[in-house]
Every structure is written in structure tokens, then in C-alpha cells.
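**Student:** kindly return the folded structure for what I paste below:
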Amino acid sequence: ASATDMVTELKDQRFDVVFFNLSLHHFIGKSYADTRRNQRNALAQAVSLLAPGGRLVVTENLYDGLVIDNLPGWIVYTLTASGFLAPVIKRLGANTAGCGVCYHSAGAWRNEFARLGFHDSAFSANVWKERRLWRAMCFWLMTIRSISTGFFWLQQQPVQN
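**Tutor:** A predicted model of the protein is given here:
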């Protein structure tokens with residue numbers, strides 16, 4: 001089913017697991033705010049399709065900031081979404097130049113999951129081994145603490161009395 005219209009496509013079906021595999025960062029809108037709305041909408045639809053006790057599984061690239069946790073993801077979105085900068089960004093190796101890509105930090109994703117009533121019962125991250133030039137550019141110019149691929153195994157938070 002389409003990730004942007006899961007509820008309509010899948011009607012009254014329920015699932016034990018809904019899995020987003022390196023896809024949420026591609027749900028791009030006309031602005032950063034629209035993009036965040038697209039990501040939140042897809043997650044909310046997925047949650048509504050879960051069977052009782054169902055799990056949400058998310059694998060995403062994580063850009064964790066040094067000073068401001070989610071700043072690197074916003075910078076990457078801004079650079080890759082720019083039509084004006086697309087020729088330069090494309091030469092630097094971004095295959096999304098001109099249309100955008102929207103990464104977040106592990107903390108920003110956890111905040112999104114918490115808004116839906118979920119927490120990660122298991123989490124793992126594999127830190128990327130970037131080429132030296134790319135690492136220097138990312139870590140200094142974009143204030144990136146680390147770049148990794150994170151795997152979130154999510155379950156609903158217990159109801160508080």
C-alpha cells in the first residue's frame with residue numbers, strides 16, 4: 001500500500017508489525033514543515049493499522065548534532081531541497097539534489113515516536129565510516145556528532161494511571 005494513504009488502501013486490516021525500511025526520509029513535501037507532516041502522517045497511519053500489541057519497526061539514517069541535536073538533518077534537507085544549489089550538491093554526491101531528503105537525529109525520532117505513544121524497546125545503531133573529506137565536511141561545517149543507521153523496535157508505552 002502507499003505509505004501516504006495506508007489507511008484507505010488497507011481499510012480495516014490490522015498488522016502485527018509495520019516496518020519502515022530507510023523510507024521516511026524520502027517523504028518530502030514543499031517545505032521542511034510539510035515534510036515533517038508527511039513523516040508524522042505516515043507514522044500515525046501505520047500506528048492505526050497495528051493489531052493490539054503490534055510493533056512499529058523503523059530503520060533510518062541518523063544525523064546526530066553536536067550542539068543542536070536535529071540541526072544536521074535540517075541542514076541536509078535545506079541543501080538537498082534547493083533547486084539553486086542542486087548542481088553543486090549533485091557534484092558532491094547527493095542523488096536527491098533539488099528534491100530533498102529529510103534525516104533526523106535519534107532523539108528527534110524518539111520524540112516523534114513518543115508523540116504516538118511508542119518507545120523503543122530495542123535500539124541499535126551502526127556508525128558510518130565515511131571517507132575522510134566527507135567526514136571533515138560533515139563534522140565541522142554541519143555540526144554533526146555522528147552519522148549512523150538506526151534500528152528502532154517500537155512498542156506502545158504502558159498506560160499511566
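**Student:** ok, Gly73 - contacts?
**Tutor:** 63, 102-105, 108 (C-beta atoms under 8 Å, 6 or more residues apart in numbering). C-beta here means a position set from N, CA and C on the backbone, and glycine is covered the same way.
**Student:** Arg110: what's it in contact with?
**Tutor:** Arg110 neighbours (C-beta under 8 Å, 6+ apart): 119-120, 152.
**Student:** still on that earlier bit, mark which of the contacts of Gly73 are buried, thanks.
**Tutor:** 63, 102-105, 108 (16 or more other C-beta atoms under 10 Å).
**Student:** hang on, the earlier thing: from the contacts of Arg110, pick the one nearest Lys11.
**Tutor:** Phe152 (26.7 Å; C-beta to C-beta).
**Student:** what helix or strand does that closest one sit in?
**Tutor:** Element membership for Phe152, per DSSP states H and E: strand 144-156.
**Student:** show me what that strand is packed up against.
**Tutor:** If contacts are counted by 3 or more C-beta pairs under 8 Å, 6 or more residues apart in numbering; DSSP states H and E, strand 144-156 sits against strand 50-65, helix 106-115, strand 118-127.
**Student:** all set now, cheers.
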